[in-house]
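**Q** Give me the fold of what follows.
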Amino acid sequence: MLLALYMIAASLQKYVFKGVFRITPTYALVVIFGLTLGPWKGALLGFISNTLENILLQGIGTWMLEYAIVPVVIALLTGLLMNTFSKNQNSTWFFGILFLLIVTGIFIGILIDNYNKLPVNEGAKSLKNKIPVSIVAGISAFGFSAIWIITITLLLIYSKTMQIKRKYSAFLFFNILITVFIILVLVRWLWGPYAYITYRNRFRAANWKVSEWYVRFMIPIVFKGLLEIPIYTIIIYHIYPVISIVRNKVLYQSRKIATY
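**A** A predicted model of the protein is given here:
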């Protein structure tokens with residue numbers, strides 16, 4: 001079932017979400033893999049899903065280790081981060097807000113330094129087609145503002161309420177938010193530009209220098225990611241009860257098999 005959902009998401013990613021506003025719903029599915037199956041089984045299913053996607057939608061000849069490791073890393077990080085953050089809630093709030101501050105500041109600095117030098121999307125073949133900086137700044141401001149508003153609201157609920165259930169819900173939402181944020185920063189924002197440049201050089205004879213193209217591709221990826229993060233967080237949060245039920249069934253079956 002999870003594999004079928006991944007292929008549906010991969011098809012939407014390839015044929016529907018294209019161009020400037022290309023998003024990656026497969027990343028959200030792999031996060032769910034990690035939450036449902038745990039880091040190791042989730043990583044294995046992520047690798048299988050990516051390989052099947054290449055065979056059916058891309059062509060096995062374009063398989064790249066640089067892209068194949070992405071779902072593996074996402075599933076591993078999801079399981080490990082969620083488990084780690086759940087152990088100490090106060091530390092999670094502190095680390096999460098500090099991480100958001102650092103990333104926000106760094107992105108603003110990079111955006112200012114690369115004013116109006118941005119290709120239109122990840123698939124751009126030249127620097128002639130550029131995204132107006134007003135669009136990048138506007139979408140980025142909206143994305144960061146949404147994330148910060150959600151974070152501050154959750155922190156206020158967590159610190160002010162005395163209801164254990166509501167406090168837990170606020171923390172769970174923030175836990176998912178910061179986990180998704182960290183994952184997208186690492187595998188989409190930081191690794192994504194390098195993987196794409198490598199793809200262009202290897203299969204399209206682009207001969208692009210990473211030092212020249214990296215930041216220019218990173219910024220369009222980032223401002224689209226800022227729209228994805230709140231959406232993925234809300235979806236995962238609302239289906240988390242179902243994820244928990246499936247995870248418990250998987251654990252039960254695993255323990256049952258281990259006893260024989």
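**Q** Look at the spatially most central residue of the chain and tell me its secondary structure.
**A** By C-alpha atoms, centre = their mean, the chain has its centre lying nearest to Leu184, at 3.3 Å. Secondary structure, DSSP: H, G, I helix; E, B strand; the rest coil: Leu184 is helix.
**Q** if I look at it, how far off is Leu226?
**A** Distance from Leu184 to Leu226, counting by C-beta to C-beta, to the nearest Å: 9 Å. Quick note: C-beta positions are derived from backbone N, CA and C, even for glycine.
**Q** Tell me which helix or strand Arg216 sits in.
**A** Using DSSP states H and E, Arg216 maps to helix 210-238.
**Q** Report all helices and strands that that helix contacts.
**A** Helices and strands touching helix 210-238, as assessed by 3 or more C-beta pairs under 8 Å, 6 or more residues apart in numbering; DSSP states H and E, comprise helix 25-37, helix 89-113, helix 133-160, helix 164-183, helix 191-203.
**Q** low-confidence ranges in the stretch 101-250 of the chain?
**A** The stretch 101-250 of the chain contains residues with pLDDT under 70 at 114-133.
**Q** how about a cut-off of 80?
**A** For the stretch 101-250 of the chain, the stretches with pLDDT under 80 are 110-139, 216, 219-220, 250.
**Q** Near Val187, how many other residues are there?
**A** Per other C-beta atoms under 10 Å, the neighbour tally for Val187 reads 21.
**Q** Phi, psi for it please.
**A** Taking degrees, to the nearest 10, you get phi -90, psi -30 for the backbone angles of Val187.
**Q** how far away is the closest residue to it other than its chain neighbours from Met218?
**A** Using C-beta to C-beta, 6 or more residues apart in numbering and skipping residues adjacent in sequence, the residue nearest Val187 is Val70, 5.2 Å away. Distance, Val70 to Met218, by C-beta to C-beta: 15 Å.
**Q** Check Ser159 too.
**A** Distance of Ser159 to Met218, given as C-beta to C-beta: 35 Å.
**Q** and those two? which has more neighbours close in?
**A** Counted by other C-beta under 10 Å, Ser159 and Met218 do not tie: Met218 has more neighbours, with 23 against 10.
**Q** Identify the residues contacting Phe17.
**A** When contacts are counted by C-beta atoms under 8 Å, 6 or more residues apart in numbering, Phe17 is found next to Ile23, Thr24, Pro25.
**Q** Would you mind giving me the PyMOL syntax to select the buried ones in those?
**A** Applying 16 or more other C-beta atoms under 10 Å to the contacts of Phe17, the buried members can be selected in PyMOL as follows:
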select buried, resi 23+24+25
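**Q** export the contacts of Phe17 to CSV and tack on pLDDT and distance to Val242?
**A** As requested, the contacts of Phe17 are exported to CSV (pLDDT from 0 to 100; distance: C-beta to C-beta, whole Å):
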residue, pLDDT, distance to Val242
Ile23, 79, 23
Thr24, 85, 22
Pro25, 89, 17
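**Q** All good on my end, thank you.
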